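[1] Next comes the sequence, and after it the predicted model I'd like to discuss.
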Amino acid sequence: MADQELDASGLNCPLPILRAKKTLNGMESGKVLHIIATDPGSVKDFEAFCKQTGNVLTESKEEGGKFHFLITKS
Amino acid sequence: MEEKKLAIIATKGTLDWGYPPFILASTAAALGYETEIFFTFYGLQLLKKDLKLEVSPLGNPGMPMPMGMDKWFPVLGTALPGMQAVMTSMMKKKMASKGVASLEELRELSQEADVKLIACQMTVDLFEMDTSEFIDGVEYAGAARFFEFAGESDICLYI
């Protein structure tokens, strides 16, 4: 489903957001980025990040102790 | 949508207080804010190429101490020679084990994201600091330069 994957496991605030932003910068509009994180704070942070940047958070779920986010670049 | 602006004044030069300016600045930049940090007094330590920042347990009752040390260690014990170095090294290890970025990394990410770093010229003169010890890309200016940007900012923080 995703066009690109970013594993931010083990990283703490604000690194998952910063890495995601950097990866999104190199992607074309409409492409989907799959982010994997272990920081529980990242759930609210990616919601807020997308709200403020216009990118679309299409999925946010916890699976096997990790958090997965799908973000469609605006 | 017009770009939002964040202005920060960084005044402290310890390992713990060095984090908030760079965490907030780099995150704001990622959110699309135009961001500037004005470094003054002890905050200028955060601009050195070789960061030798420490954290002190002295006079800091809010600092969590490992192994319940705060329970049995007398307050005066935190003033013992070497305590600061011990606490600094413990803090750095803890941060690394929790995946917290190093200050150098956050500072680099901030610069990459076009966060402007401004050093207070007056402090540089006052403490006779050697600007060759500072990282590249720093602008040297005074209070008026800060207000030029801060006056139009949406968020302004003094740290």
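    Arrived safely, thanks for sending.

[2] Quick check: the gap between residue A:34 and residue A:14.
    Distance of residue A:34 to residue A:14, computed by C-beta to C-beta, to the nearest Å: 19 Å. Heads up, the C-betas are built off the backbone N, CA and C, glycines and all.

[3] ok, the two, which is more surrounded?
    Ranked by neighbour count (other C-beta atoms under 10 Å in any protein chain shown), residue A:34 and residue A:14 place residue A:14 first, with 26 against 16.

[4] contacting residues around the nearest residue to the more buried one once chain neighbours are set aside?
    Nearest non-adjacent residue to residue A:14, counting by C-beta to C-beta, 6 or more residues apart in numbering or on different chains: residue B:27, 4.4 Å away. By C-beta atoms under 8 Å, 6 or more residues apart in numbering or on different chains, residue B:27 lies in contact with A:14, A:17-18.

[5] And residue B:27, which helix or strand is it part of?
    helix B:15-30 (DSSP states H and E).

[6] what's the model's confidence in whatever helix or strand comes next after that helix, averaged?
    Downstream of helix B:15-30, the first helix or strand assigned by DSSP H and E is strand B:34-39. Strand B:34-39 shows a mean pLDDT of 98.

[7] For strand B:34-39, give me every contacting residue.
    Counting by C-beta under 8 Å, 6+ apart, B:3-10, B:21-22, B:25, B:28-29, B:46-47, B:110, B:113-120, B:123, B:145-146, B:149-150 sit against strand B:34-39.

[8] Which ones among those map onto helices?
    Among the contacts of strand B:34-39, the residues falling in helices (DSSP state H) are B:21-22, B:25, B:28-29, B:110, B:123, B:145-146, B:149-150.

[9] Nearest to chain A among the residues you listed?
    residue B:29 (8.2 Å; C-beta to the nearest C-beta).

[10] so who does the closest one touch?
    Applying C-beta under 8 Å, 6+ apart, we find residue B:29 in contact with B:35, B:110, B:113-115.

[11] ok, and the most crowded of these?
    With neighbours taken as other C-beta under 10 Å, the top of those is residue B:35, carrying 28 neighbours.

[12] What separation is there between it and residue A:20?
    Counting by C-beta to C-beta - residue B:35 and residue A:20 are separated by 18 Å.

[13] related to what we said a few turns ago, need the contacts of residue B:27 in JSON lines with distance to residue B:55 and pLDDT, can you?
    Converted to JSON lines, the contacts of residue B:27 look like this (distance: C-beta to C-beta, whole Å; pLDDT from 0 to 100):
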{"residue": "A:14", "distance to residue B:55": "20", "pLDDT": "95"}
{"residue": "A:17", "distance to residue B:55": "25", "pLDDT": "96"}
{"residue": "A:18", "distance to residue B:55": "23", "pLDDT": "96"}
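
[14] That concludes my questions; thank you for your assistance.
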